[in-house]
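Novice: Following is a predicted model, sequence given first.
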Amino acid sequence: MDRITDVRNFGAIARTAECAGVHAIVIAAKGAAQVTADAIKTSAGALSRITVCRETNLKRTVEYLQQSGIKVVAASEKGKAIIIKLI
């Protein structure tokens, strides 16, 4: 997740991610929403079951995951799901 700063939005996205079978959530180390009691409550406990990784460089992290054979999927605020392909 990039640029998600509201803990309730973070919790809601985590709840949906768990239902979709996501194994981990990657967020920026600085400026991203924190895993707080409000976020956990909004996520209906999903944040207690999903690994949350804080990374300093999201682009490099996505590249590494793709090189490791992990399919990386993202969605924009417009609701379109995309498979990330970095150049």
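Specialist: Thanks, I have it.
Novice: can we go C-alpha only for contacts and neighbour counts from here?
Specialist: Will do.
Novice: What sits closest to residue 40 if chain neighbours are left out?
Specialist: Taking CA to CA, 6 or more residues apart in numbering, and ignoring the residues beside it in sequence, residue 40 has residue 47 as its nearest neighbour in space, at 5.5 Å.
Novice: neighbours around that neighbour, how many?
Specialist: The tally of other residues near residue 47 (other CA atoms under 10 Å) stands at 26.
Novice: mind checking the SS state of it?
Specialist: helix (DSSP: H, G, I helix; E, B strand; the rest coil).
Novice: quick one: the helices in the chain?
Specialist: 7-19, 37-42, 58-67 (DSSP state H).
Novice: so for stretch 72-80, what's the average pLDDT?
Specialist: Throughout stretch 72-80, pLDDT has a mean value of 71.
Novice: Would you reformat the helices of the chain as CSV and include mean neighbour count and distance to residue 78?
Specialist: Below are these laid out as CSV (neighbours: other CA atoms under 10 Å; distance: least, CA to CA, whole Å):
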stretch, mean neighbour count, distance to residue 78
helix 7-19, 19, 14
helix 37-42, 18, 22
helix 58-67, 14, 21
